[in-house]
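K.L.:
With the sequence up front, the predicted model follows.
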Amino acid sequence: MAARRRLKRVVASQPGFINLKSAPGAEGSASTRRKRLNKNKKKNWNKHIDIDDVDEFLEDVRHQQRTTGGLLSEKPDDSLFFLDVGQPKKAEQKEAEPAAGRTRKGRAQRPLRIDLILQHDSLVPAPKDVLAHQQPNAKKLRRIAQKAEQLAARGVVPRRQKLLLNRRTVTRTTRKSVTEANNNPDREYYDIWGQEAKDPADPWYLQQTGKKRVKRPEKLNEKPSVLPAVEVIAPGGSYNPDFLSHQALLKEAHEVEVKKQKAEDKIVRQLAVNKDDTATEETILREQVEGLVEEEEEEEEEDDEDEAAAPDEEEGAAVGAITLSVKKTERQRKKERADKVKEQRRQANRHRSDQRQQLFQLRSIKTSIKQQEQDTKDKQKIRKDNQEAEKAQPRRLGKLKFKAQDMEVQLSDELAGSLRQLKPEGSVLKDRFKSLQKRNLIEPRERAKFKRRLKVKYQEKRAFREIT
């Protein structure tokens, strides 16, 4: 393109050149010298360069891709031209028409206008979804596969495959079922090689021939959840609900949002900082000076107290030593034994009186026992109800906790009177995925995050020739 413009300028500068596409004012423009620009500057690249022809060419390419699915220059001649042999005859035209596309009157059935509006008019293929083709450790797996292909081409067998080939095939013997002893006289005789027909449902025949199936655990027959596969939405979620049902659904959604807001406010209150507990310059100075001024006075007072208490401690130690050295007399020992026996007798008499007193309290004791039994039954009922309620709740199957899907509810001003004006909400695929998690069929999971191991470095070159 640049070479073509340069050739035009050279031809126009030759003597005797006549410009056929002359415009008014061309003489004045020819007399003026064209402004010289420095194209080495980046700011002059797109400002003073005419790229209209490039835009027209690209627009023409995009138009051909939308209408024909590619460039016309690359299309074969059969797709662009056809041989016109004139109008076909009526008999041939009737035979060429398919029988399924005719109406009762013999006319060809035309497509509906709504189908023509919804028909895709662009032949450009949809863009490729990059995220759908990503997989974890793709580069590592591709490198391992390439290395395996190279080893296979050279005839090298990997060590793991070599170990598998060298491993001997072990013949596994089926475990025999437990049978009765042969010396049991009450054992029933059963000839499995006899000519009479065998009953395939006979347990003895199945046990002897090893065809008895393993008993299926009862746990496998239970469903992991009592919830239905498809939950029907409340009447207020219809496209044209009545007032009361819609208000009930709005109230339920409001309670859910209030609960979330309370949880967030609780976290904010727990993380809040009390301004009274923050340290100031005054409190910091008081902590630093604390114990330095009164330390000497307290030491002097402690020394005085130690000196005053020293003689008293010596006297007390002497008195204590004298009292410990004195032994109990026989009279004191007899008195202690008598007091001990008297206390035991008093405790026994009190126990007997309490037992006699309980005879008069049988009615109240029976009432208390009945009350305890009733409380036990109530607790058992509550525990059973809680267990039944837990069956309808999702269990903890993994490290993540199940999070319920947001309610799909429309406000009063968003309601549509017909299905044509209804705005779609939610996703069917996400709803089914959440339903599987809620019914304990799969564990709650999140989409894997692909993190780049090495950071990408961006470097800007100053010279325009090095910019790519």
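P.N.:
Yep, it's here. Numbering: from 1, shown residues only.
K.L.:
hang on, D431 in a strand?
P.N.:
No - counting by DSSP: H, G, I helix; E, B strand; the rest coil, one finds D431 to be helix, located in no strand.
K.L.:
What's the mean pLDDT across the helix or strand where R350 lies?
P.N.:
Secondary structure assignment for R350, by DSSP states H and E: helix 330-359. Throughout helix 330-359, pLDDT has a mean value of 92.
K.L.:
Begin at 786, not 1, for the rest of this chat.
P.N.:
In the new numbering, first residue 786, that becomes helix 1115-1144.
K.L.:
following that helix, which helix or strand comes up?
P.N.:
Next in sequence after helix 1115-1144, counting helices and strands by DSSP H and E, comes helix 1147-1176.
K.L.:
can you pull out the helices in the stretch 786-935 of the chain?
P.N.:
787-797, 811-816, 837-853, 862-865, 875-881, 898-903, 923-939 (DSSP state H, counting those that start in this stretch).
K.L.:
mean pLDDT for these: which is lowest?
P.N.:
For the helices of the stretch 786-935 of the chain, the weakest mean pLDDT is recorded on helix 811-816, namely a mean of 48.
K.L.:
I'd assumed P988 was in contact with K997.
P.N.:
Yes - between K997 and P988 there is a contact at 7.0 Å, judged by Cβ atoms under 8 Å. Yep, even glycine has a C-beta here, placed from its N, CA and C like the rest.
K.L.:
Who has more neighbours out of these two?
P.N.:
The residue with more neighbours, out of K997 and P988, is K997; 13 against 9, by other Cβ atoms under 10 Å.
K.L.:
what's the closest non-adjacent residue to that one?
P.N.:
In space, and not counting its chain neighbours, K997 is closest to L991: 3.9 Å by Cβ to Cβ, 6 or more residues apart in numbering.
K.L.:
Kindly export the helix or strand where that neighbour lies (C-alpha atoms) in CSV.
P.N.:
Using DSSP H and E, L991 sits within helix 988-994. Extracted in CSV, the C-alpha atoms of helix 988-994 (Å, rounded to 0.1, in the frame of the first residue of the first chain):
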residue,chain,number,x,y,z
PRO,A,988,-31.0,-72.4,48.3
TRP,A,989,-29.1,-75.7,48.8
TYR,A,990,-28.5,-76.0,45.0
LEU,A,991,-27.3,-72.4,44.8
GLN,A,992,-25.0,-72.9,47.8
GLN,A,993,-23.4,-76.1,46.5
THR,A,994,-22.9,-74.8,42.9
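K.L.:
which stretches of the chain have low pLDDT?
P.N.:
Within the chain, the segments meeting pLDDT under 70 span 786-817, 819, 875-893, 953-977, 979-985, 1078-1110, 1248-1253.
K.L.:
just to revisit the earlier point, distance between the helix holding R1135 and the chain's centre?
P.N.:
Mean C-alpha position of helix 1115-1144 versus that of the full chain (Cα atoms, centre = their mean, to the nearest Å) differs by 72 Å.
K.L.:
cool, and stretch 895-910?
P.N.:
The answer for stretch 895-910 is 38 Å, by Cα atoms, centre = their mean.
K.L.:
can you give me the end-to-end distance of that stretch?
P.N.:
In stretch 895-910, first residue to last residue: 27 Å (Cα to Cα, to the nearest Å).
K.L.:
What lies in contact with it?
P.N.:
For stretch 895-910, contacts defined as Cβ atoms under 8 Å, 6 or more residues apart in numbering pick out 850-855.
K.L.:
In JSON lines: those, plus neighbour count.
P.N.:
JSON lines is the format used below for the contacts of stretch 895-910 (neighbours: other Cβ atoms under 10 Å):
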{"residue": "Q850", "neighbour count": "15"}
{"residue": "R851", "neighbour count": "12"}
{"residue": "T852", "neighbour count": "13"}
{"residue": "T853", "neighbour count": "14"}
{"residue": "G854", "neighbour count": "13"}
{"residue": "G855", "neighbour count": "14"}
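K.L.:
got those residues as JSON lines, with distance to R1148 columns?
P.N.:
JSON lines is the format used below for the contacts of stretch 895-910 (distance: Cβ to Cβ, whole Å):
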{"residue": "Q850", "distance to R1148": "99"}
{"residue": "R851", "distance to R1148": "97"}
{"residue": "T852", "distance to R1148": "101"}
{"residue": "T853", "distance to R1148": "103"}
{"residue": "G854", "distance to R1148": "98"}
{"residue": "G855", "distance to R1148": "102"}
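K.L.:
and which of the residues you listed is nearest P873?
P.N.:
For those, the minimum distance to P873 (Cβ to Cβ) is 26.5 Å, reached by T853.
K.L.:
mind checking how far the closest one is from F867?
P.N.:
Per Cβ to Cβ, to the nearest Å, T853 is found 15 Å from F867.
K.L.:
again with R1180
P.N.:
Taking Cβ to Cβ, one finds R1180 at 67 Å from F867.
K.L.:
Please tell me how far I929 sits from I902.
P.N.:
Separation of I929 from I902 (Cβ to Cβ) stands at 51 Å.
K.L.:
Comparing the two, which residue is more hemmed in?
P.N.:
I929 (11 against 8).
K.L.:
List the residues that contact S1197.
P.N.:
Contacts of S1197 (Cβ under 8 Å, 6+ apart): 1031, 1035.
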